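Asks: sequence-free structure coming up:
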């Protein structure tokens, strides 16, 4: 029986022999596509080729692509673990043809691989074809059906509707009919009872789709009409996990060697068996699946967080923790202990896993521990809600409050339901759903974007000139209008542009398009499908006119300085801390730079100073940039450029070199390091377990920060009479202040003792109760008054009511202390007394039965407030 790794390699070998270039998987986390957070299909990395904005060579390609489907159109998250074939992270085996072979070639190769190479039984295979759509004006895909008749009997070729057999990238963009291959893995007895054709696309867990062949030939426009693509594209995707299941003859994906080693490890660590309890089985499947999604995301550079892609990863991880906590009894970090077995099983095919194993483990462990604390706190809050529900005589916990527990504190709703059920209570799910719907509507409103079709002014492709200049003549190729929230703006594509489009951490350029008749402001430049998109609030009066594209040179040069400084910083960190340092993210703006990197402890001040010295020394050296453009990736690696996990590189790349610093980079840089001027590190902090962050400034802003620091120092010197040794002067002042504070504290203590003795002596007997009532003179701190009250209580421990009024910073304070016997015998409560009396000083307060305080705004009411306490006490 073939192993999973052998099956993956056989696919690559087969298509390589068919003339396909075998390409590495693109990162699962997408960084430079505003329309997607994760790769959810094998074709994502080829969008720009399909849209005609990138050279299609080589025209035949194949790979095994890491994919993640947890949000949006392909949301499988809540199904994962409950069935045998849905997953969050999965591998998609795929082959592509860009203007080369089309339907016949794709179908014939798929059949040859499945039947001749893997040995699947043709009698178990079914194919679907698009039945056509009257509303689209499209007929049945007879061409595909006729090709399938070479391999399958007619009763194994099934018509499929638009939902199942017309693939679309999104609401707009490339699309076309598709043909799915389904496998019937039921027993012979089951097949005899019900033909497989009747179960295709009917959610039968044993009759499943294993391969989808998309015949991409149309482009969906914003007005929903279809137009032909410039070239026909074949895009196929075969679920690796499902294929392994078929080849290994299993009834569940989780029974294959893709997942079984992980499940066995879970059993070993939890001391539980798989296959004995359905709830436990679901939990184990959830953990086995989610571990892969989390680990690969972290390896690709996406850490769990509260925003965008990071939030999705955190949500997956917390779902796994919740299942381990609830059904496997794991109250401590558990998932992190499964990382070694994942690395052992998949590290050969995906080297990013062993390379990042320590980081993956640490990040998962920290996230688990954090969420377990959330669960502990959430359970305490839920216990309060349940007690409140019982006191009100209700049977259901308020759904609105359950939503607050979920939304604000991250406490899972189904766990709320489970705990409530264990305590004989329900949860008002309808009220919870109302709040959830409101939140979704708010999110949809915030994310709603309405995009018109492109208006083509002239044909052509964009040429980027921004590495060499900040001004260039240009024409508009096409434009479109975009509405987002209450903002309307336009996106422009130019034939030639010096504007850098946001990518790789460097923000997009801003500037203007100008000619003799008008000037149009470009407020940002984004990248979509590898195409620079210029954003403007107004459309030129004549889009066909010629323009000069002018970048804001000051902002650009500041960004260039910060970008080059980031490269020098990266190299210096590796020299000082070690070669384990790897970039985990960056942000380059005109104002500052931010650099995230792997390192498992705080960088010491001495190490930071050493890093800054190295960078500034290289700035003073004025090292010229060596700009290696359009070089083969193998040559780039020979130059010393280090490929980062989580980044996508083409066959030909650009390498930017400043002396020892050699990096893959498509951004803008200074021509020599001297242009940076100076770097100043502002801060070093933790981003996540094993990831540190440095923020720094360069050039004029670094210079200004030094002037600001000089101003502070000059001010301090003036304050200390221009002392030569300001540090010694400050230390002396602090020491003197400490001594004076001790003397003042001793004086206050002495005065408090005298005042206590005086007040004790002034106590009046009121019907057997000793009453100490006084307005304390002077400006007295609240803690001193509290100490005074407790001293009086210690000297008069029985039958004592102490009522004190005082002032601090021109604000009144009312203090009440009651001896324990009066609380029990007379039912007195200091908190209740002070709360009522505080109204006379225009304030409020409260406290315990034996001691309470109240503050206010009106000092003139203190005397009346003291009397009110005595009155309420019944004296």
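Replies: That came through, no problem. Only a predicted model underlies this, so the values are computations on that prediction, with no experimental measurement involved.

Asks: tell me who's in contact with the residue located most distally from the centre of the chain.
Replies: The C-alpha centroid of the chain is most remote from residue 767, which lies 68.6 Å away (CA atoms, centre = their mean). Each residue near residue 767 by CB atoms under 8 Å, 6 or more residues apart in numbering is listed here: residue 875. Yep, even glycine has a C-beta here, placed from its N, CA and C like the rest.

Asks: read off the pLDDT value for it.
Replies: With respect to pLDDT, residue 767 has a value of 85.

Asks: that one and residue 684, how far apart?
Replies: 68 Å (CB to CB, to the nearest Å).

Asks: what's the burial count for residue 223?
Replies: Residues within reach of residue 223, counting by other CB atoms under 10 Å, total 8.

Asks: which residues sit in contact with it?
Replies: Here residue 223 is in contact with residue 453 (CB under 8 Å, 6+ apart).

Asks: same deal with the one 4 residues further on?
Replies: With contacts defined as CB under 8 Å, 6+ apart, residue 227 is in contact with 218, 219, 221.

Asks: could those be laid out in a markdown table, adding distance to residue 579 and secondary structure?
Replies: As requested, the contacts of residue 227 are exported to a markdown table (distance: CB to CB, whole Å; DSSP: H, G, I helix; E, B strand; the rest coil):
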| residue | distance to residue 579 | secondary structure |
| --- | --- | --- |
| 218 | 50 | strand |
| 219 | 47 | strand |
| 221 | 51 | coil |
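
Asks: mind putting these in a markdown table, pLDDT included?
Replies: Formatted as a markdown table, the contacts of residue 227 follow (pLDDT from 0 to 100):
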| residue | pLDDT |
| --- | --- |
| 218 | 91 |
| 219 | 87 |
| 221 | 87 |
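
Asks: what's the PyMOL syntax to select whichever of the residues you listed are buried?
Replies: To isolate the buried ones among the contacts of residue 227 in PyMOL, judged by 16 or more other CB atoms under 10 Å, type:
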select buried, resi 218+219
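
Asks: could you check the pLDDT of residue 726?
Replies: 88.

Asks: whoops, I mixed them up, residue 2
Replies: Listed pLDDT for residue 2 reads 93.

Asks: from residue 12, how far out is it?
Replies: Look at residue 2 and residue 12: by CB to CB, they are 14 Å apart.

Asks: ok so, going back, return the backbone torsion pair for the residue farthest from the centre of the chain.
Replies: Dihedral pair for residue 767: phi 60, psi 40, per degrees, to the nearest 10.

Asks: wait, residue 151 sits on residue 111?
Replies: Yes - using CB atoms under 8 Å, residue 151 is in contact with residue 111, at 4.8 Å.

Asks: between the two, which has more neighbouring residues?
Replies: Comparing residue 151 with residue 111 by other CB under 10 Å, the one with more neighbours is residue 111, at 21 against 18.

Asks: ok, the more buried one - contacts?
Replies: residue 151.

Asks: same deal with residue 837?
Replies: Contacts of residue 837 (CB under 8 Å, 6+ apart): 814, 816, 854, 865, 866, 868, 869, 872.

Asks: can you rerun that using 10 Å?
Replies: Applying CB atoms under 10 Å, 6 or more residues apart in numbering, one finds that residue 837 lies in contact with 803, 805, 814, 816, 843, 845, 852, 854, 856, 861-862, 864-872.

Asks: pLDDT on the helix or strand hosting residue 291, on average?
Replies: Using DSSP states H and E, residue 291 sits within helix 278-299. For helix 278-299, the mean per-residue pLDDT is 95.

Asks: which positions within that helix qualify as buried?
Replies: 280-299.

Asks: and it, what does it pack onto?
Replies: Packed against helix 278-299 by the contact rule (3 or more CB pairs under 10 Å, 6 or more residues apart in numbering; DSSP states H and E) you find strand 60-68, strand 89-98, helix 260-270, helix 308-327, helix 339-346, helix 352-355, helix 357-391.

Asks: pipe the ones you listed into CSV and attach distance to residue 457 per row.
Replies: As requested, the helices and strands packed on helix 278-299 are exported to CSV (distance: least, CB to CB, whole Å):
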stretch, distance to residue 457
strand 60-68, 32
strand 89-98, 26
helix 260-270, 55
helix 308-327, 34
helix 339-346, 49
helix 352-355, 43
helix 357-391, 48
